[in-house]
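>>> based on what follows, work out the 3D shape:
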Amino acid sequence: MTPSKLAQAAQLGDTAAFSALMNMHYHRLYRIARAYLRDEEDTLEVIQEATYRAYSKLKSLRKPEMFGSWITRILLNCCAREYRHRQKFRPLPMQDLHEQGSWDHPEDPGFWQQPSMH
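As a prediction, this is how the structure comes out:
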């Protein structure tokens, strides 16, 4: 079956057709997400999210022959969302925290000293 026919069948509720479409596009989607995010776990999570979103919005696909472009756009939106989330909550390396003085540790000499009362 052609990708266009598979997309039409998937829109009518054929889950096997949707699965076949995703299998056709998986390697390309993986390469795009991996290049964007550079992390295996995030890549797999974003592909799963894009697959879920595509499946739940399948009826909104106007041109079944454009399924590949459509799922790629969904994936890129998911990647961008993940990237923004990652930037917002990026932890500082421990060395940076120590150098900034915002991290105290019991092994530091001044950790157990009482603060001076000036």
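
>>> use CA for all of it now, contacts and neighbours both
Noted.

>>> host element of the residue nearest to Gly68 when sequence neighbours are not counted?
Computed as C-alpha to C-alpha, 6 or more residues apart in numbering, the closest residue to Gly68 that is not its neighbour in sequence is His25, at 6.9 Å. Applying DSSP states H and E as the criterion places His25 in helix 15-37.

>>> for that helix, which outside residues touch it?
3, 6-7, 9-10, 40, 43-44, 46-47, 51, 55, 68, 72, 75-76, 79, 83 (C-alpha atoms under 8 Å, 6 or more residues apart in numbering).

>>> hmm, try it at 7 Å
In this structure, residues lying in contact with helix 15-37 by C-alpha atoms under 7 Å, 6 or more residues apart in numbering are Pro3, Leu6, Ala7, Ala9, Ala10, Glu40, Thr43, Gly68, Thr72, Cys79, Tyr83.

>>> chain center to it: distance?
13 Å (C-alpha atoms, centre = their mean, to the nearest Å).

>>> right, and the helix or strand after it?
Next along from helix 15-37, by DSSP H and E: helix 40-56.

>>> on that earlier part again, buried residues, the helix holding His25. List them.
Buried residues in helix 15-37, counted by 16 or more other C-alpha atoms under 10 Å: Ala17, Phe18, Ala20, Leu21, Met22, Leu29, Tyr30, Ile32, Ala33, Arg34, Leu37.

>>> now do that helix, average pLDDT.
Averaged over helix 15-37, pLDDT sits at 97.

>>> that older thread, can you pick the most crowded of the contacts of helix 15-37?
Ala7 (26 neighbours; other C-alpha atoms under 10 Å).

>>> pretty sure that one sits against Met66.
No. Between Ala7 and Met66 no contact is recorded; they are 8.9 Å apart, counting by C-alpha atoms under 7 Å.

>>> send over stretch 58-68 as PDB, restricted to the C-alpha atoms.
Below are the C-alpha coordinates for stretch 58-68, written out as PDB (Å, rounded to 0.1, in the frame of the first residue of the first chain):
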ATOM      1  CA  LEU A  58      -4.800  12.300  12.600                       C
ATOM      2  CA  LYS A  59      -8.300  13.400  11.500                       C
ATOM      3  CA  SER A  60      -6.900  17.000  11.100                       C
ATOM      4  CA  LEU A  61      -4.400  15.800   8.400                       C
ATOM      5  CA  ARG A  62      -5.900  17.500   5.300                       C
ATOM      6  CA  LYS A  63      -3.600  15.900   2.700                       C
ATOM      7  CA  PRO A  64      -2.800  12.300   3.400                       C
ATOM      8  CA  GLU A  65       0.000  12.300   0.800                       C
ATOM      9  CA  MET A  66       1.800  14.900   3.000                       C
ATOM     10  CA  PHE A  67       1.900  12.600   6.100                       C
ATOM     11  CA  GLY A  68       5.700  12.600   6.100                       C
END
